[in-house]
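>>> pasting the sequence and the predicted model now:
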Amino acid sequence: MRVRFIVAAVLFQFLVLAWMAGEREFVYRTGRTVYLRTMPVDPQDHFRGDYVRLNYEISSIGKNLWRDGLKDRKQDDNSYRRKKQDVRIYTVLKVGDNGIAELQHVTDRKPEKDLFIRGRLQNTWGTSLQALYGIEAYFVQQDKGLELEKEMNRDGINVPMEMETAVSGSGIAVLKGYRWSPIGIGLTMNTETNRLRTMLPISADIRLLNASKTDIAIVDLPGSSSFTLEPDFRWGWTSNEWRWVGAKPRMAVADENVKVLKPGEVHKVHIDFSDPAWFVVQDGEQPKSLSNLGNNTWNARFRLVYHPPSKEECSSLQHASIIWHGSLASRAFNGGRID
């Protein structure tokens, strides 16, 4: 009887593994294909000889996008944290430009009709929820990971990997491959040090790289209004966080605002934080420049995000057919420090 029990247990485990493999193969072949953009973070230790550790834009979700039972959770609810491994979550997506799946919200209730990926709650940090989807490791040929690292960080310019992902109707996600974003973004902070040796951000230089093999056009509107200053989505939003005043209105786009980049060519944009249009504000406070905040305000973490005008706004332009549309975030910064 003991031998039979052992044999049965082994067969059961084998059948479970076979069923899981078969399910993933079915999703791979029949699931809806979308692209998930990886996070613009320091790649150190993410790349190994035969696999890549992946972090996605949907891996960290600010509290303003929590819904249903997640929205009602108290920040100091320790019982919720203890049970986090048992919490199934569903990240609702919408496919935007270039096939990129964009985050809409996250919930603990299974959606009835939306496109979504199911995952597990890994942790909560401040007002940010950390999610795992079972697609955080991408296996490659031995030592190929080091080559991917070089492609992702090209002379200080981050070129996101966009992971080709099959998603089933029940939210199971399976990686199929990857492609590189045709546009890369680099961030350099220009700082000065005060008498307390605190780095103060004076301005920033953004570099947009044509990382593709064909000509691509980008739109650089006057006053750098093709860019926004957004709170770091890995930390989420608190009830009293520093926020960009967003005072600069979007201007109409003209042909002279369009820059055609050859493959490998870089366009540089300078942003002056002393311009009131780039000030930040907190409830109960007057607008301030980032240089007045320094590195001491933990929740004053931002990303500069490239937002070109829409296809409709660019439809009459000379190079409309090659203008890249979508959005692309820089690495996060706090004061003069870049993540």
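Alright, I've got the coordinates. Numbering: from 1, shown residues only.

>>> contacting residues for Arg118?
By Cβ atoms under 8 Å, 6 or more residues apart in numbering, Arg118 lies in contact with 88-91, 110, 133, 170-173. No exception for glycine: its C-beta is placed from N, CA and C like everyone else's.

>>> pick the one among the residues you listed closest to Thr198.
Thr91 (37.6 Å; Cβ to Cβ).

>>> and Leu148, how close does it get to Pro160?
12 Å (Cβ to Cβ, to the nearest Å).

>>> higher neighbour count, these two?
The neighbour comparison of Leu148 against Pro160 (other Cβ atoms under 10 Å) goes to Pro160, with 24 against 18.

>>> next, count neighbours for the spatially closest residue to that one that is not a sequence neighbour.
Spatial nearest neighbour of Pro160, excluding adjacent residues (Cβ to Cβ, 6 or more residues apart in numbering): Ser181 at 4.5 Å. Applying other Cβ under 10 Å, we find 24 residues neighbouring Ser181.

>>> pLDDT value on Ser181, please?
With respect to pLDDT, Ser181 has a value of 95.

>>> for Leu209, same thing?
pLDDT at Leu209 comes out at 98.

>>> quick one: contacts for it?
By Cβ under 8 Å, 6+ apart, the residues touching Leu209 are 154, 157, 159, 183-186, 261, 264-266.

>>> run the last query once more with 7 Å
If you count contacts by Cβ atoms under 7 Å, 6 or more residues apart in numbering, Leu209 has them with 154, 157, 159, 183-184, 266.

>>> which non-adjacent residue is nearest it?
Using Cβ to Cβ, 6+ apart, the closest residue to Leu209 is Gly184 (3.9 Å).

>>> quick check on the one you found: phi, psi?
When read as degrees, to the nearest 10, the backbone of Gly184 gives phi -110, psi 160.

>>> what's it in contact with, if anything?
154, 157-159, 209, 211.

>>> let's see the pLDDT reported for it.
Looking at Gly184, its pLDDT is 96.

>>> domain parsing of the chain, as residue ranges.
Segmentation of the chain into domains, based on automatic domain parsing, reads 32-180, 183-338.

>>> among those, which is nearest Glu25?
domain 32-180 (8.3 Å).

>>> which parts of the stretch 51-200 of the chain are strands?
Along the stretch 51-200 of the chain, counting by DSSP state E, counting those that start in this stretch, strands occupy 51-53, 60-62, 88-95, 101-107, 115-125, 128-132, 137-139, 153-154, 157-158, 161-167, 173-180, 183-193, 199-210.

>>> can I get the ones you listed in a markdown table with distance to Gly335?
Listed next are those as a markdown table, based on distance: least, Cβ to Cβ, whole Å:
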| stretch | distance to Gly335 |
| --- | --- |
| strand 51-53 | 28 |
| strand 60-62 | 21 |
| strand 88-95 | 31 |
| strand 101-107 | 27 |
| strand 115-125 | 20 |
| strand 128-132 | 19 |
| strand 137-139 | 33 |
| strand 153-154 | 22 |
| strand 157-158 | 20 |
| strand 161-167 | 28 |
| strand 173-180 | 31 |
| strand 183-193 | 8 |
| strand 199-210 | 6 |
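
>>> and stretch 275-291, what's buried?
277-280, 282, 287-291 (16 or more other Cβ atoms under 10 Å).
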